[in-house]
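Colleague: fold the following and give me the result.
(chains A and B)
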2 protein chains.
Amino acid sequence: MQKVGILGGGQLGRMLLQAAANYPVETHVLEADDDCPAAHLCRYFVKGSIRDFDTVYNFGKSLDAVTIEIENVNIEALEKLESEGVKIFPKPSVLRIIKNKAAQKKYYSQHSIPTAAYSILSHRNEIALHQHLLPAVQKLAEGGYDGKGVEIIESLNDAHKGFEEESVLEKKVRLKKEVAQIVAVGQDGKTALYPPVEMIFNKDLNLLDYQLSPADISQKVLWKVEAIALSVVRNFGSPGLFAVELFVDENDDVLVNETAPRVHNSGHHTIEAHYSSQFDMLWRILLGYPLGNTKAIFSSAMINLVGSEGYSGPAKYEGLNDVLQIDNAFVHIYGKTHTKPGRKMGHVTVISAEKADLVHKANKVKQLLKVVS
Amino acid sequence: MQKVGILGGGQLGRMLLQAAANYPVETHVLEADDDCPAAHLCRYFVKGSIRDFDTVYNFGKSLDAVTIEIENVNIEALEKLESEGVKIFPKPSVLRIIKNKAAQKKYYSQHSIPTAAYSILSHRNEIALHQHLLPAVQKLAEGGYDGKGVEIIESLNDAHKGFEEESVLEKKVRLKKEVAQIVAVGQDGKTALYPPVEMIFNKDLNLLDYQLSPADISQKVLWKVEAIALSVVRNFGSPGLFAVELFVDENDDVLVNETAPRVHNSGHHTIEAHYSSQFDMLWRILLGYPLGNTKAIFSSAMINLVGSEGYSGPAKYEGLNDVLQIDNAFVHIYGKTHTKPGRKMGHVTVISAEKADLVHKANKVKQLLKVVS
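Modeller: Numbering: from 1, shown residues only, chains lettered A, B, ... in the order given. This next block holds a predicted model:
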């Protein structure tokens, strides 16, 4: 039986483990929090830091393969493991590109992959040298997540908000839509694309408001999205499951925003709405099986369930009964013991043949379901 | 968070736990084998005998609810737990009826539920007194499973094969079809029926050969199946998930064969082919949520994967790659370390709009996939 390790024990790890139980695989999880969502669904749990060289190396050295559910891991240890024959999917070389937003941008440029105009800065006073990029979004090269490490620089008047570390100053895209494209790459190099999804963001928390699948885009835009996402992924030269986030601008040009080399929030709907879910697909890749069927069975909407404002502490779920009354609403609670404002605590997927019905149900779920303490 | 215990840690427990991870529930499993299929997917595993009074009582006394994945449990302990306020679904009173095949037959008679003509015997020499029941099937009242504890008594010449313990002598039904009907009963008494499925048995191992869903039966037979299954379950007066196995005879009369008061082999296809699986449904019942949607998304075939003849030892799976190449074949390997001839090691569900395609794929799966050692 193959031994496979996951670095990180959050909800992505949890859903990976739910899918793993269908296959002959011995699962291992490394995570510092031994009450994390994935801690009790694996065969072997190791408590430790995914950012520490020795911890990651020791975790991986007796395994057949290692994957990640978060990018912020010790890449050097993964490189050593790879050199010793452990399969690391995505490859550490991909993680090096992805982990640093400046390196990621350079990668897109290098491979002629369309992305918003940008410059790489190390001081906020360099903003004045790049006025052609304004209004812009400035992103820390490393360490940003879920809205942290991101500043909007509308004009030079905002330059004082700029970062004093390595960062990407990126021209704001005149956004029509934001879409995500999941791509699977097998060990044999074969690829499979899920239909792209469309996202609507809640400006306050910078977390997904809800997501529609498939994205409502023209055939021409779909082709661009697929071609660009494939180009991003093929140039990595690595097996794995990748989520490419893209912007569609007012001229229907398509630009890569960023790429996650792992199962992703934008693929949660694949559990119920697709034949092979993103989690099932990653196991197929890790274990060397043929890729699964990425086709949609249903149109779907996916709603993230985040901790309500004003509540921090042991989590309670309000409205679960009402949501489970909705026809074909699939609830996923991640098993996090504590909530705080904006924390991802679960998600709900609704399926329907009608887009209007999906939007209606998505709004209903958002109104009914709350995480409090 | 509610605490729910499962007595037994086999594949049914494993699939229950895969579904449990969607809900806010603390899972507990009691099982003597600490490397059983369910041991590593629960929050708390307790090693111990499900047949021992103290073990079961101590396991259950701090839980909110307890369910079973096998009938052969200590009912007295469950009765004590129930009297102390722990929810036991199915109720111990149901287990008393089900566990003993003689009591089960009497229950059907008492509630005017059609079942094959029978008599309850305690010695094999009583067979001669019931010649009107021959040819018959004789079943041990307690302790039989998967073909053990069952004898075919074609004529008085076979009477020497009869049991010397309490048993049911049951007139052989002139069988047209064998079907199973799963019924869910919520804590509020609401019921929901899955479409019945149709089974074909492999005579050699007395294990399911493959199963088709929905059963190919007339509307009239469907109504009888549903009415009889509902009558079986409603008279139990217990929340839970029930699988009622029925015979359809040559005259299209419908007779109850037996009932399992738990998730069941005949409901495995509901994971992929139905909106709410039998496992999801039982959690909804245990946690007091509304019942799920029992409708089929697809027609399906389900193939049990059993240990091949001539192999005993650490399990190896041959043909997995080929089966995963089949469009929409969903593999479930139960994680049992050792195989032996006839042991249930996994199952495969295939979905399709066409019955002919299902039968073709089911046969392909049976030919391709083997468990050896």
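Colleague: which parts of chain A belong to which domain?
Modeller: With domains defined by automatic domain parsing, chain A comprises A:2-88, A:117-171, A:175-372.
Colleague: residues from the stretch 1-150 of chain A in reach of chain B?
Modeller: A:14-15, A:17-18, A:21-24, A:27, A:40-43 (Cβ under 8 Å from any Cβ of the partner chain). Every C-beta, even on glycine, is put in place using the N, C-alpha and C of the backbone.
Colleague: of the residues you listed, buried ones?
Modeller: The neighbour count (16 or more other Cβ atoms under 10 Å in any protein chain shown) marks A:14-15, A:17-18, A:21-24, A:27, A:40-43 as buried among the residues of the stretch 1-150 of chain A next to chain B.
Colleague: please enumerate the helices of the stretch 251-373 of chain A.
Modeller: A:270-273, A:278-287, A:320-325, A:355-368 (DSSP state H, counting those that start in this stretch).
Colleague: contact partners of the shortest one?
Modeller: The one in question is helix A:270-273. A:15, A:182, A:194, A:213, A:276-279, A:281, A:294, A:296-300, A:330, A:332, A:349, A:351 (Cβ atoms under 8 Å, 6 or more residues apart in numbering or on different chains).
Colleague: from those residues, which ones fall inside strands?
Modeller: Using DSSP state E, the members of the contacts of helix A:270-273 that fall within strands are A:I182, A:S213, A:S299, A:S300, A:F330, A:H332, A:T349, A:I351.
Colleague: closest one to B:G149 among the domains of chain A?
Modeller: With Cβ to Cβ as the measure, domain A:2-88 is the member of the domains of chain A nearest B:G149 (31.1 Å).
Colleague: can you give the distance of that closest one from its chain's centre?
Modeller: 17 Å (Cα atoms, centre = their mean, to the nearest Å).
Colleague: now the end-to-end length of it.
Modeller: Taking Cα to Cα, to the nearest Å, domain A:2-88 runs 14 Å from one end to the other.
Colleague: wait, A:L193 touches A:A229, no?
Modeller: Yes. Using Cβ atoms under 8 Å, A:L193 is in contact with A:A229, at 7.0 Å.
Colleague: compare these two (neighbour count), which wins?
Modeller: A count of neighbours by other Cβ atoms under 10 Å in any protein chain shown puts A:A229 above the other of A:L193 and A:A229, at 28 against 16.
Colleague: ok, now how distant is the more buried one from A:P114?
Modeller: Distance, A:A229 to A:P114, by Cβ to Cβ, to the nearest Å: 11 Å.
Colleague: touching both of the two, which residues are there?
Modeller: Joint contacts of A:A229 and A:P114 (Cβ under 8 Å, 6+ apart) are A:V256.
Colleague: could you pull out the strands in the stretch 1-150 of chain A for me?
Modeller: Assigned strands in the stretch 1-150 of chain A, in chain order: A:2-7, A:25-31, A:44-47, A:65-68, A:87-88, A:118-121, A:136-140, A:150-153 (criterion: DSSP state E, counting those that start in this stretch).
Colleague: what is the helix or strand of chain A with the lowest mean pLDDT packed up against?
Modeller: The least trusted helix or strand in chain A, going by mean pLDDT, DSSP states H and E, turns out to be strand A:207-213, with a mean of 81. Judged by 3 or more Cβ pairs under 8 Å, 6 or more residues apart in numbering or on different chains; DSSP states H and E, the packing partners of strand A:207-213 are strand A:197-202, strand A:299-306, helix A:355-368.
Colleague: ok, 10 Å please
Modeller: Counting contacts by 3 or more Cβ pairs under 10 Å, 6 or more residues apart in numbering or on different chains; DSSP states H and E, strand A:207-213 is packed against strand A:175-185, strand A:197-202, strand A:299-306, strand A:344-352, helix A:355-368.
Colleague: average pLDDT for the third one?
Modeller: Spelled out, that is strand A:299-306. The average pLDDT within strand A:299-306 is 96.
Colleague: who are the packing partners of that strand?
Modeller: strand A:197-202, strand A:207-213, helix A:270-273, helix A:320-325, strand A:329-333, strand A:344-352, helix A:355-368, strand A:370-372.
Colleague: in chain A, which helix is the longest?
Modeller: The longest helix of chain A (DSSP state H) is helix A:219-234.
Colleague: continuing past it, what's the next helix or strand?
Modeller: Next along the chain after helix A:219-234, taking DSSP states H and E as the criterion, comes strand A:240-249.
Colleague: what residues sit buried inside that following strand?
Modeller: Those would be A:G240, A:L241, A:F242, A:A243, A:V244, A:E245, A:L246, A:F247, A:V248, for strand A:240-249 by 16+ other Cβ under 10 Å.
Colleague: same check, this time on stretch A:161-181
Modeller: A:162-163, A:166-173, A:177-181.
Colleague: which pair in these spans the largest distance?
Modeller: Across those, no pair lies farther apart than A:G162 and A:Q181, at 31.0 Å, counting by Cβ to Cβ.
Colleague: end to end, how far does stretch A:61-69 reach?
Modeller: Stretch A:61-69 has its terminal residues 18 Å apart, counting by Cα to Cα.
Colleague: likewise for stretch A:180-194?
Modeller: Stretch A:180-194 end-to-end distance (Cα to Cα) = 10 Å.
Colleague: now do the buried residues in it.
Modeller: Applying a neighbour-count criterion of 16+ other Cβ under 10 Å, one finds A:A180, A:Q181, A:I182, A:V183, A:A184, A:V185, A:G186, A:Q187, A:T191, A:A192, A:L193, A:Y194 buried in stretch A:180-194.
Colleague: where among the domains of chain A is average confidence lowest?
Modeller: Across the domains of chain A, the lowest-scoring stretch is domain A:117-171, with a mean of 90.
Colleague: how far out from the middle of the chain is that one?
Modeller: Remark: domain A:117-171 is offset 23 Å from the chain centroid, using Cα atoms, centre = their mean.
Colleague: that domain: end-to-end distance?
Modeller: End-to-end distance (Cα to Cα), domain A:117-171: 5 Å.
Colleague: could you do stretch A:106-122 as well?
Modeller: 15 Å.
Colleague: same check, this time on stretch A:286-299
Modeller: Terminal residues of stretch A:286-299 lie 28 Å apart, using Cα to Cα.
Colleague: check stretch A:326-343 too.
Modeller: End-to-end distance (Cα to Cα), stretch A:326-343: 24 Å.
Colleague: so is it next to chain B?
Modeller: Yes. Remark: stretch A:326-343 sits within contact range of chain B at A:I326, A:D327, A:N328, A:A329, A:F330, A:V331, A:H332, A:I333, A:Y334, A:G335, A:K336, A:T337, by Cβ under 10 Å from any Cβ of the partner chain.
Colleague: name the residues of that stretch that are buried.
Modeller: A:326, A:328-336, A:339-340, A:342-343.
Colleague: again with stretch A:117-125
Modeller: A:A117, A:Y118, A:S119, A:I120, A:L121, A:R124.
Colleague: of all those residues, which comes closest to A:K99?
Modeller: Nearest member of the buried residues of stretch A:117-125 to A:K99, counting by Cβ to Cβ, is A:I120, at 14.9 Å.
Colleague: distance of the closest one from A:V306?
Modeller: 32 Å.
Colleague: and what of A:K3?
Modeller: In terms of Cβ to Cβ, A:K3 sits 34 Å off from A:V306.
Colleague: the more surrounded of these two?
Modeller: A:V306 (23 against 17).
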